[in-house]
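**Student:** sequence and computational prediction follow.
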Amino acid sequence: MIDLKLLREQPELVKAGVAKKKFPCDIDAFLELDRQRREMITEAENTRARQKAANTTMSALPKGSPEFKAKVAEMKELSAQVKELAAKLEAIEIEWKKAYLTIPNPPFPDVPVGTSDDDNVCLEVWGDPNRPYPNAVPHWDIPWFSKYVDLERGTKITGAGFPVFVGDMARFVRALIQFFIEEDTKAGFIEVSPPILVNQFSGMAVGQIPDKEGQMYYCPLDDFYLIPTAETSVTNLYRDEILEEKQLPIYHCAYTPCFRREAGSHGKDVRGMNRVHQFDKVELLKWVKPGTAEAELASMVDHVCGMLKKLGLTHHRMLMATHDLSAPNAKKIDLEVWAAGQKKWLEVSSCSIFTDFQARRANIRYRDEEGKVHFVHTLNGSGLAVPRVLVGLLENNLQDDGTLLVPECLRPWVGKDRIGIPKAK
RNA sequence: GGAGAGGUGGCUGAGUGGCCGAUAGCGGCGGUUUGCUAAACCGUUGUAGUGGGUAUCGCCUGCUACCGGGGGUUCGAAUCCCCCCCUCUCCGCCA
């Protein structure tokens, strides 16, 4: 939700910002609705005030006296009016709220205005995608791949897009998670291990319901959703709370499995592990004071890039153009890893500033030293998503003998420096 | 899943139909006293919406809402009724 005061006082500014994004929303229509709502509130509350005042007078009269009885009869009329106005107000409020929720967060001024991926701006490249990767093949073409990532049997158990990691690969996945959590913790992110089923309210607070409801798995018996990212759970950690200024900034990291229906994307990127329905991810989240968000985003991106460097993965930072921003995003930087076999960049992390947009929805505030209450600003980013990092390693690190070279930083947890089956000589 | 108890402001805890946005205590903030600290005493103390004022972005002020959530009864609900959620105790069941 955007700041109502800003919207009322400087609608042109908001309109200009919102127009850069690709979301349908009619701000003039909303402002008209807003005017009606306020008018209705005034009327309903004035009537209610009269009722309350009359009730106070009434309570002084002896009960059962003729005056009292006359007053009761008189009050019935007013009571009916109050109820009628309250019902009218509620109807307007529902419409108003619905319209309010559709207004996206305007992007920051430095976000490039764009309509396609070509408009995204590359900020930095680490490594060289053009250098030779002599053994690179798309990961699904690695001879031993299906023995270690069993997509066939995953299909038997659940359906397409639910990989089964086997043996050293299961251990490798666990090693990645471990590595990410260790690095994140060292960088000051406090680990949390949240529920991976959330109720409807949590989904709404983050903005995934109703917008992306169709992308989430749903348990009707209990009315729970499987989370598409730890963001959904962890953003709600401080929902409806007023934090103390000295608590900020708060940094958390959380490992969870993530579940995405990926409805509408069948046939696209479905081979191998590029796009799966269940995957492991460590998410980074920050709750910060307004004004510090840019610096916090930069340090988050630096930290995540640091992990990619330790893994030796060629990657670049992309400042995403407006067409790629979700409704709550004010600014987004994606990190993409070079997958030498497929010869394409794969998104492994997406770091975003939400300003106070999510905080308003989730009602997360802080009290400053003067006792005044403000909304916090939230940020989050992946740190990191397992399957695509794995794809990058599989496609870039294949050795002449056909095995996968385990990056130094993962060896303590993998327990060996090569995995996979060597080619027969 | 069954039985019972309960859910009130930052916390503890009163309140069983109107005088209750809510007694009191603690904590917090401001002050007096004091060599400092503490104690004592005095004052103050939530959030949101909406209207008005203004020395106009910060403050003053009116009103409304909020006593786990939702509905109902009533002229009037923290208080009565119904449904749901949560916590605690006991029993049962099961990783």
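**Tutor:** Received it, and whenever you're ready, just let me know what you need. From a predicted model like this one, the values you see are computed outputs, not experimental measurements.

**Student:** got the contact list for the most centrally placed residue in chain A?
**Tutor:** Central residue of chain A (CA atoms, centre = their mean): A:Glu231, 5.0 Å from the mean position. Counting by CB atoms under 8 Å, 6 or more residues apart in numbering, A:Glu231 touches A:206, A:283, A:285, A:380. Backbone N, C-alpha and C define where each C-beta goes, glycine included.

**Student:** same thing but at 10 Å, please
**Tutor:** A:Glu231 is in contact with A:206-208, A:254, A:256, A:258, A:281, A:283-285, A:352, A:354, A:358, A:378, A:380-382, counting by CB atoms under 10 Å, 6 or more residues apart in numbering.

**Student:** that one: which element?
**Tutor:** Taking DSSP states H and E as the criterion, A:Glu231 maps to helix A:230-234.

**Student:** any idea of the mean pLDDT for that helix?
**Tutor:** Mean per-residue pLDDT for helix A:230-234: 95.

**Student:** now find how far off-centre the next helix or strand after it is within its chain.
**Tutor:** Next along the chain after helix A:230-234, taking DSSP H and E as the criterion, comes strand A:241-244. Remark: strand A:241-244 is offset 21 Å from the chain centroid, using CA atoms, centre = their mean, to the nearest Å.

**Student:** other SSEs contacting strand A:241-244?
**Tutor:** On a contact count with 3 or more CB pairs under 10 Å, 6 or more residues apart in numbering; DSSP states H and E, strand A:241-244 meets strand A:364-367, strand A:373-375.

**Student:** mean confidence for the last one?
**Tutor:** Same thing as strand A:373-375. Strand A:373-375 carries an average pLDDT of 91.

**Student:** which bits of the stretch 1-150 of chain A sit near RNA strand B?
**Tutor:** Within the stretch 1-150 of chain A, the positions near RNA strand B by CB under 7 Å from any atom of the strand are A:4, A:9, A:37-38, A:41-42, A:45-46, A:48-49, A:51-53, A:55-56, A:58-59, A:63, A:72, A:75-76, A:78-79, A:82-83.

**Student:** go with 6 Å
**Tutor:** Contacts of the stretch 1-150 of chain A with RNA strand B, taken as CB under 6 Å from any atom of the strand, map to A:38, A:41-42, A:45, A:48-49, A:52, A:55, A:58-59, A:63, A:72, A:75-76, A:79.

**Student:** looking at the residues you listed, which is nearest A:Lys344?
**Tutor:** Nearest to A:Lys344 among these is A:Arg38, at 51.9 Å by CB to CB.

**Student:** give me the number of residues near the closest residue to RNA strand B within chain A?
**Tutor:** Per CB to the nearest atom of the strand, A:Ser59 is where chain A lies closest to RNA strand B, at 2.9 Å. Look at A:Ser59: counted by other CB atoms under 10 Å, it has 9 neighbours.

**Student:** where's it, which helix or strand?
**Tutor:** A:Ser59 belongs to helix A:27-60 when elements are defined using DSSP H and E.

**Student:** ok, now A:Cys258?
**Tutor:** strand A:250-259.

**Student:** contacting residues around the residue lying closest to A:Tyr218 once chain neighbours are set aside?
**Tutor:** Residue nearest to A:Tyr218 in three dimensions, not counting chain neighbours: A:Tyr225, with 5.5 Å by CB to CB, 6 or more residues apart in numbering. Applying CB under 10 Å, 6+ apart to A:Tyr225 gives the contacts A:196-200, A:202-203, A:208-209, A:213, A:215-219, A:232, A:259.

**Student:** just A:Glu43 next, same as before
**Tutor:** Applying CB under 10 Å, 6+ apart, the residues near A:Glu43 are A:81, A:85, A:88-89.

**Student:** hmm, which of these are the buried ones?
**Tutor:** For the contacts of A:Glu43, a burial check counting by 16 or more other CB atoms under 10 Å picks out A:81, A:85, A:89.

**Student:** so which of those sit within helices?
**Tutor:** In this view, the buried ones among the contacts of A:Glu43 that belong to helices under DSSP state H are A:81, A:85, A:89.

**Student:** identify the residues contacting the nearest residue to the first one once chain neighbours are set aside.
**Tutor:** What it means is A:Gln81. Leaving aside its chain neighbours, A:Gln81 sits nearest to A:Thr47 (5.5 Å; criterion: CB to CB, 6+ apart). Listed by CB under 10 Å, 6+ apart, the contact partners of A:Thr47 are A:78-79, A:81-86.

**Student:** what about A:Val234, neighbour count?
**Tutor:** A:Val234 has 24 nearby residues by other CB under 10 Å.

**Student:** and for A:Lys343?
**Tutor:** Using other CB under 10 Å, the number of residues around A:Lys343 comes to 12.

**Student:** isn't it right up against A:Pro129?
**Tutor:** Yes: here A:Lys343 reaches A:Pro129: they are 8.3 Å apart, a contact under CB atoms under 10 Å.
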